[in-house]
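Provided below for reference: sequence and predicted model.
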Amino acid sequence: MFSHLDPRTILYYIVVSQIILLLDASVLLEASTVLLFTLPFWFNHQWRLAGGIVVLYFLQLTASLFWLPHVNNAVLLYPLSMLTTGFRELVPGILVGLIAFKFTTLAAWISLFKKWHLPKFFTVSFAVFFRFFPTIRADYRQIRDALAFRGIERGFLGFVKHPGQTFELILIPLLMNASQVASDLTISVLTKGLGLTGRQTSMVVLRLTKVDAFDLAVGSVPILLALGGF
C-alpha cells in the first residue's frame with residue numbers, strides 16, 4: 001500500500017518529527033508519534049523491522065521511566081540517559097529516514113528538486129548520499145559472507161569474542177572502501193547529467209495519490225494532539 005510515496009509526503013513527515021522534538025512533547029505524544037510513523041512498515045508487511053523499532057523504543061522508554069531514576073552513580077547516569085532518553089527522542093526522525101529510503105526512489109527526489117529549481121550542488125550531493133548507505137550495506141554483506149566462507153565467526157557474538165579481529169576484518173575494509181564508493185557514486189551521478197547547467201526535465205511525474213493523502217492525514221495526528229494539549 002505504501003510502496004511508493006511522494007517525496008513531499010516524506011518532507012512533511014520530517015517537519016512533523018522535528019516539531020515534536022522541538023516541543024519536547026509528552027511521553028504519550030512521543031509514543032503515539034512513533035506508533036503512527038511505523039504504519040507504512042506494517043502495511044508493507046515489514047513486520048520484523050516495525051516490531052523491532054517499537055520494541056526497542058518501549059524498552060528505552062521503560063528504562064528511562066522506571067530504571068533511570070534509581071541510578072545514583074553520575075558516571076553511569078549520563079551515558080544511560082543518552083541511551084534511554086536522548087536516542088529515544090530521535091526515533092521519530094530515524095523512522096522518517098527509513099521511510100524515505102524504503103518507500104521513495106532517488107528519481108522521485110531528483111524530479112522534485114528539479115521542479116523546485118534547487119542548486120545543482122545540493123541535488124548532486126543528495127543523490128550521492130541517497131545511494132551511499134545502500135551501497136555500503138551491500139559491501140558489508142559481501143564482507144560478512146567472505147568471513148563466513150573462511151569459517152570466521154561473524155555478527156554480534158563474533159564482535160564480543162574477538163573485537164580486534166572484527167575491527168580489522170570488517171570495519172577497516174569498510175572505511176577504506178567508503179571514500180572510493182563516494183567517488184564512484186559522484187562520477188556516476190555527474191555522468192547522468194545532474195551537474196549540467198540549463199533547464200532539465202525528468203521522466204518521473206510527481207502526483208499526490210490517495211496513499212499520500214492518507215499518509216499526510218496520519219502525519220497530522222501528532223500535531224493535532226500537540227495543539228490539543230495531549
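Looks like it arrived, so ask away. All values reported here derive from a predicted model rather than from experimental measurement.

Which pLDDT value goes with the most centrally placed residue in the chain?
Per CA atoms, centre = their mean, the C-alpha nearest to the average position across the chain is that of Gly97, at 2.9 Å. Per-residue confidence (pLDDT) for Gly97: 90.

for it, helix, strand, or coil?
Judged by DSSP: H, G, I helix; E, B strand; the rest coil, the three-state class of Gly97 is helix.

likewise Val204?
Using three-state DSSP, the three-state assignment for Val204 comes out as coil.

Need phi/psi at it.
For Val204, the backbone dihedrals are phi -90, psi 120 (criterion: degrees, to the nearest 10).

my read: it touches Trp109, true?
No: with contact defined as CB atoms under 8 Å, Val204 and Trp109 do not form a contacting pair (9.3 Å). All C-beta spots, glycine's among them, are computed from the backbone N, C-alpha and C.

More neighbours: those two, which one.
Comparing Val204 with Trp109 by other CB atoms under 10 Å, the one with more neighbours is Trp109, at 20 against 16.

Can you name the residues in contact with the helix or strand that contains that one?
Applying DSSP states H and E as the criterion places Trp109 in helix 106-115. The contact list for helix 106-115, computed with CB atoms under 8 Å, 6 or more residues apart in numbering, reads 4, 6-8, 122-123, 126-127, 130-131, 194, 200-206.

pLDDT averaged over it, what's the number?
89.

tell me which residues of the helix or strand following it are tucked away?
Scanning forward in sequence from helix 106-115 by DSSP H and E, the next helix or strand is helix 120-149. Burial within helix 120-149, assessed by neighbour count using 16 or more other CB atoms under 10 Å, is assigned to Thr123, Val124, Phe126, Ala127, Val128, Phe130, Arg131, Thr135, Asp139, Ile143, Arg144, Leu147.
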